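Q: Just a sequence and a predicted model for now, questions to come.
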Amino acid sequence: MDFSLTDEQQLLLDSFQELLDRECSESYIAELDRTHQPATAFNKALSEAGFSSLGFPEEYGGTPADALTLVLLAEKAAHQGLTNGFGGALLQVRDILMFGSEEQKKTVLALYQAGESPFSLCITEPGAGSDDAGMTTTATRADGKVIINGSKTFITGAQEAKYGLVLTRDLENPHPHRAMSMWLIPMDLPGITIHPLEKFAWNNEEFNEVFFDHVEVDPSTLVGEENNGFLQLMKNFEFERVVIAASVLGQAQAAFEDAARHAATRKQFGQPIGDFQLIQLKLTNMAVKLENIRNLVYKSAWMIDAGQPLKTMASMTKLYATQAGFEIADDALQIFGGIGVTADARISRLWRDMRLNRIGGGTDEMMIHTVGRQIVKDFG
Amino acid sequence: MTTTRPTWAIIDSATDVGVLLGAARQLSDVVVALVIGPRHLVEQASSSGFSETRWLGEPAATVGSEDYAAAIAELALRETPTAALMASSTRNRLLAGRLAARLDTSALTDVSDLRTEDDTVVVTHSLYGGAALRTERLLSAIGVITISAGAFAAFGSGPSWPGPIVEASCAVTPPPISLLERRSEPRSAGTLPQAKVVVGAGRGVGSRDDLGVVEELAQALGGQMACTRPLAEGLNWMGRDQYLGVSGLSIAPDLYVAVGVSGQMQHMVGVDQARVIVAINNDKAAPVFAESDYGIVGDLHQVVPALVDALKAVS
Amino acid sequence: MTITVLCKWCPDTEDLEVGSDGSISFERAKWSISEYDRVALEVATSLATEVGEVVAVVAGTSIIDTSMTRKSVLSRGPDRLVMVVDDRLAEADARQSASALAGAIARIGDVDLVLCGAGSTDLFAQQVGIQVGERLGWPTLNEVASVHLTGSSCRVERRVVDEIDTLEVALPVALAVTADAALPRVPGMREILAAGKKPTVVWSLDDLGPPAAVDRASQVVSTVARSHSTRLQVLFEGSPTEAAAQLVGALRHESLV
């Protein structure tokens, strides 16, 4: 087992940290959180520094990077305190790179490399959250056109993005996972309306309801094969779970460091509260959890790079990371006491934002379902 | 203890005269002023208490004190002073480097303490971003030393002590550099080094607009604005010459108020000569509080206006 | 045309550890290119896109002789790297460093422009670049805020107190640049991967033409952590109005308002 980084990984992380220090200060992040704005300026800076070309093939102007490198970057952005600061958009781009037409690849990559949001992922519906099969948005062919009808919810970035990647269902097909199709459509088409939802976390990403009312699109907006949309989507889910876990790792590390510094300096009863064993117990458990998350995340990334099938590893990693990560944030908040609840303390934002990771990108319960079912099957 | 060899003070600005004399007297009782500048500067120096004042000449517009390096080096090799002292200005740093190279020594820069032990020069200066102090004993025959601003008290003797002026103008070969344009661009810092009250803004000031709040405090205190390096370099919210710290200005005001300043050593070293330091920061764990006399933990948007009101109430 | 950039590989001063006796240690410090020298690398790289080759020069003990140092420097734009590696450069002062670097520049040959940052992150004496220029016998300037090449000369802006001079200097010349001169780019993966393929040569002090200065011009007597703050460290608590009133009271007591 070799946990050391290559020179290249270390240098890239150094560069990334330099960029974060320059373009993504805590006051900037706090301002995004307060004003509910996306990190537009930071994304531009990322793109200018070439970080938006990482992780896809050279033939499309990219610079190949292994999964571990991408995961380390996602961790670092999160460690700075930024929620979902790196990796999310790249994963979306990969969906298109794998299955999209040349035209679609060009469009999406150009947006991504310019530091803009490539598209908004429109999957979840009011009646179809964890249960994708409950989806009712349809795409009907008529007169050489495709008509989309239905509604989506909890859609991030819908107002910002030029395009939406919309998943639809052929309701007549009895096999839901062979009845879904993916469409890359402009979000300014007639018939599309977007309603923002108010929420208490991830303020740098908007959540929306998106309504498709007889939206007419060209058949060329189909991504990949018709009725193969679900399988296409699943292709990148595993890596997405690892990237989410990496993000949690970074923010948990930030929460831990804030709490440890506070414990070492905050005096009560004439001594730093870190001298009390109840606080030391918390800090120790936090440190152990942090190392566990790190090991799961790095091992998953290593498995991807080694070409080993992840099977349930990605789900186990996300499940443990988001739960243990939130426990770390919660203990950190407890160590801060009242100070931690104020908007001035970064821990208040980390606590809110980390809670959402247990829901977004697949709930804890769905991770358990995936892992548990496989265990029983393996031993059956 | 001082040595019997003379020490030189190289003077090219009126503001440095007393301080250079004060610093040089730490090394020798015999201090010779080498003046580069107009007649009135020589007269000022000669009446300040130097053993001897030599006038090296008044440089032409295109020549600076740095261009006297060759001439001073030649003179130094002939007379072997203990050391040549100068203030830490841009031109003098260049002069020090050129002089040191010609005398095959290493310049000792920004020294905050000077003395002689067993007839050798011993200096102390800060390093590692202000985190440490190093004491060094000079091994070469002649020291080339720039002194830290604010570290030495001026030696004042009053104007009634005129010393001899020796005209010692030396040949200066103009460098192969032509001056195409000289434009006056006063530092935005203005008289910051002399200000009695300075209010410094740090990264905790969330946006450029928020600087207005801090400026109101500076006005209410009758002080001047300064900042940490990130605000001047990178964010460009304030002038490059307004930042305090290792690579910026060092000041010694009566009162320094740090607003949204985390308190990194690199910044604090520029203000540690202040008589009283006040910190306002929303992070209670910020190191600035350990470096301050008085502190308020809180959001500057609330604390600073409250402070401005309280100041108005007493004035 | 050849531009050389002098870079110092130094420990991060924020990683300095202080022992209970005031001793200091960089044992666990991360090392990197002095941040001021990154500006010089950026200036050189942007000038060289028009005119020619950039050679970075780094001098130090064997601690600098790693693939990490090479790739780190080369990822910031230079075409090749010259390293002067010699353990006699331990705790080198400006004289030793300048002597070694000037020797390296002489050996590289036909250098037209030497650039360095304002000072080094660790010592910040602001001396080495100047002394290199003087040792080479070239016109030398510090506080240079912009550099443009104009054929056989270069045009620079230099700030001296309240004036900014625009100067024309015949090449060769040595310049120490300020942070105004350029905003250093952060290297991306492409630059980092390319850095591994660029050439590096390693010389010792004995490989340099004229005998290099191998001893310090001064003896280090002690290096100790700055003593702890003697500030009062009084915190005013309560509402902003209450805390402000208490602070104003304290400042009145100190005769400051």
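A: Yep, it's here.

Q: any idea how far residue A:155 is from residue A:83?
A: 17 Å (C-beta to C-beta, to the nearest Å). Bear in mind the C-beta positions are built from the backbone N, C-alpha and C, glycine included.

Q: make that residue A:49, sorry
A: Residue A:49 is 29 Å from residue A:155, by C-beta to C-beta.

Q: Need the phi and psi values for the residue in chain A sticking out farthest from the centre.
A: No residue in chain A sits farther from the centre than residue A:270, which is 43.4 Å out by C-alpha atoms, centre = their mean. In this entry, residue A:270 is assigned phi and psi values of phi 80, psi 10 (degrees, to the nearest 10).

Q: What separation do you get for it and chain B?
A: Using C-beta to the nearest C-beta, to the nearest Å, residue A:270 is found at 17 Å from chain B.

Q: mind listing what that residue touches?
A: Shown in contact with residue A:270 (C-beta atoms under 8 Å, 6 or more residues apart in numbering or on different chains): no residues.

Q: What confidence value was assigned to residue 194?
A: Let's take chain A. Turning to residue A:194, the model gives it a pLDDT of 96.

Q: oops, chain C please
A: Taking residue C:194 on its own, its pLDDT is 95.

Q: on that earlier part again, neighbour-wise, which of residue A:49 and residue A:155 wins?
A: The neighbour comparison of residue A:49 against residue A:155 (other C-beta atoms under 10 Å in any protein chain shown) goes to residue A:155, with 26 against 21.

Q: what packs against the helix or strand where residue A:238 lies?
A: Using DSSP states H and E, residue A:238 maps to helix A:229-265. Applying 3 or more C-beta pairs under 8 Å, 6 or more residues apart in numbering or on different chains; DSSP states H and E, one finds that helix A:229-265 makes contact with helix A:67-79, helix A:88-99, strand A:163-169, strand A:180-186, strand A:271-272, helix A:277-305, helix A:313-336, helix A:346-356.

Q: The chain - how does it break down into domains?
A: This is for chain A. Listed by automatic domain parsing, the domain ranges of chain A are A:7-113, A:120-226, A:231-379.

Q: please go with chain B instead
A: If you go by automatic domain parsing, chain B breaks into B:7-167, B:192-314.

Q: Ok, which of the ones you listed comes nearest residue A:173?
A: domain B:192-314 (53.3 Å; C-beta to C-beta).

Q: ends of the closest one, how far apart?
A: From its first residue to its last, domain B:192-314 covers 25 Å (C-alpha to C-alpha, to the nearest Å).

Q: pLDDT wise, what is whichever residue of the stretch 51-200 of chain B sits closest to chain C at?
A: At 3.0 Å from chain C, residue B:97 is the closest residue in the stretch 51-200 of chain B, using C-beta to the nearest C-beta. Residue B:97 is assigned 98 on the pLDDT scale.

Q: contacting residues around it?
A: B:107, C:94, C:126-127, C:129-131, C:134, C:140, C:142.

Q: Neighbour-wise, which one of those residues leads?
A: residue C:129 (33 neighbours).

Q: Now stretch C:206-226: buried residues?
A: C:208, C:212-213, C:216-218, C:223-226 (16 or more other C-beta atoms under 10 Å in any protein chain shown).

Q: Likewise for stretch A:330-343?
A: A:330-333, A:335-336, A:339-340.

Q: got any ranges where chain A has weak pLDDT?
A: Within chain A, no range satisfies pLDDT under 70.

Q: Would you mind listing what in it touches chain B?
A: Residues of chain A lying close to chain B by C-beta under 8 Å from any C-beta of the partner chain are A:22, A:25-27, A:30-31, A:261-262, A:265-266, A:339, A:344-345.

Q: Buried among those? Need that as a selection in ChimeraX.
A: Applied in ChimeraX, the following selects the buried portion of the residues of chain A next to chain B according to 16+ other C-beta under 10 Å:
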select /A:22,25,26,27,30,262,265,266,339,344,345
